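**Student:** Fold the stuff below for me.
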Amino acid sequence: MVRRNIFIGVCAVAVIGLLASTGCGGGGTDGDSGTDFGGIFVASDSTVGKIEVQPNSSTLAVGATTGFSVQVSNQSGAGVPNIQVACDSESGLAIIEPADGNELTDGSGFMSGTIGCRLPGSFQFACRLPIGTNLREFETIICTGGIPAGFDGFAGAAGGSLGGGVQTPSGGSNAGGSGVDGIELTSINVVTEFGSSSFTPEIDTTQVNCDDTGEEQDCEAFSDDVVQFSIQNNTNQSVRFTSYNYTVPNADGAGSSFTSVSLSLNSVLVAPGGGETGVQALFIEIRSGGSGACSLQKRFPDASFNIPGDLGFRNITFRLNGETEGGDSVTLVGRATVSFDNFDNC
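**Tutor:** Got it, this is the predicted structure:
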């Protein structure tokens, strides 16, 4: 079982400057709400600072670049110098500077860099500190337009380790046109029994009994998972979307891909002239996994097998199907990375 959100930082890290205390003694420090257990510091939101990430622009053409800045502050609001900031991105976004995605803050707790759009789509960009699981901030960058002829995608740049993001076809966008160009899938989000997340979506594949002794039945919360799509229509016609399907590579863990049947959407009409609408549908369903209590598992709709408990990360391709008011068929394609594992949600 995968356990999340557990972090214990050693006291040696505390001297970097994000903490109110100045030493690593054997006892607590007045005014410091962290707990000192003989030299081991348990990080909490009240004893660490914050990181703020600000891109100069959140919408770029493919092949274009923009700067970004990062400010690191302690709990008193003062800048923290000489602390390493590590930045990463989804695959459609390149980190051009710093070249390896890592850099120390200056004397004011500030660092800066440059990012660029490799592919059309919507991609996450994140920077984090070496202390605390909550000290990471995400920004969404929208990359628009087609891939320029001869563009090498910023070869050698950092980034790309956070997953595939929401990639859209590389055709142009004709705002106000009468064809299907200009109808865009702008975001894909997975909602589980615990809501949505700005991180890579996590699908819990296997239900467990939360009572470790096994003497009582305390079943882990477990439910169907839903996918949400955001669609923008920059044409002069309304568009109605009614169904979608998706493909999962190596879906069974043995090398076989899986493509779902056509799944129904709550029929949604996207208004012309820049209208934006969200729609959701069933993504993953629960199935019996055994005869005992607390033994449910997850399955792709209409699949003949349950999802393996430790399937891991998969870059899933989604296709939304619709029709313009003029009768033209529309298919929007996007990709998103999802993690499948036996996560501990007790």
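
**Student:** Once you drop chain neighbours, what's closest to residue 271?
**Tutor:** residue 238 (5.7 Å; Cβ to Cβ, 6 or more residues apart in numbering). (C-beta placed from N, C-alpha, C; glycine too.)

**Student:** what about the nearest residue to residue 129 once chain neighbours are set aside, distance to residue 71?
**Tutor:** Sequence neighbours aside, residue 135 is the residue nearest to residue 129 in space, at 4.3 Å (criterion: Cβ to Cβ, 6+ apart). Distance of residue 135 to residue 71, given as Cβ to Cβ, to the nearest Å: 13 Å.

**Student:** what's the neighbour count on residue 140?
**Tutor:** Neighbourhood size, residue 140 [other Cβ atoms under 10 Å]: 18.

**Student:** next one: residue 299
**Tutor:** Here the number of neighbours of residue 299 (other Cβ under 10 Å) works out to 17.

**Student:** if I look at it, how far off is residue 51?
**Tutor:** Residue 299 is 39 Å from residue 51, by Cβ to Cβ.

**Student:** and residue 285, what element?
**Tutor:** In this assignment (DSSP states H and E), residue 285 forms part of strand 275-288.

**Student:** Give me the buried positions along that strand.
**Tutor:** 279, 281, 283-284, 286 (16 or more other Cβ atoms under 10 Å).

**Student:** Parallel or antiparallel, which strands does it pair with?
**Tutor:** In the sheet, strand 275-288 lines up against strand 225-233 (antiparallel), strand 296-299 (antiparallel) (DSSP bridges).

**Student:** Identify each buried residue in the longest one, please.
**Tutor:** The neighbour-count criterion (16+ other Cβ under 10 Å) identifies 225-227, 229-233 as the buried residues of strand 225-233.

**Student:** possible to save the residues you listed as CSV with distance to residue 185?
**Tutor:** Below are the buried residues of strand 225-233 laid out as CSV (distance: Cβ to Cβ, whole Å):
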residue, distance to residue 185
225, 19
226, 16
227, 12
229, 6
230, 7
231, 6
232, 8
233, 11
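
**Student:** could I get those residues as a markdown table with distance to residue 291 and pLDDT?
**Tutor:** Shown next, in a markdown table, are those (distance: Cβ to Cβ, whole Å; pLDDT from 0 to 100):
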| residue | distance to residue 291 | pLDDT |
| --- | --- | --- |
| 225 | 24 | 91 |
| 226 | 28 | 91 |
| 227 | 30 | 91 |
| 229 | 37 | 88 |
| 230 | 41 | 87 |
| 231 | 43 | 87 |
| 232 | 48 | 85 |
| 233 | 49 | 86 |
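
**Student:** hang on, the earlier thing: take the strands paired with strand 275-288 and write them to CSV, including distance to residue 124.
**Tutor:** Shown next, in CSV, are the strands paired with strand 275-288 (distance: least, Cβ to Cβ, whole Å):
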stretch, distance to residue 124
strand 225-233, 15
strand 296-299, 24
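
**Student:** List the beta-bridge partners for residue 113.
**Tutor:** residue 68.

**Student:** Give me the pLDDT for it.
**Tutor:** As predicted, residue 113 sits at a pLDDT of 93.

**Student:** Residue 240 too?
**Tutor:** At residue 240, the pLDDT recorded in the model is 90.

**Student:** Quickly list what it is bridged to.
**Tutor:** Beta-bridge partners for residue 240, by DSSP bridges, are residue 269, residue 323.

**Student:** Cheers, nothing more for now.
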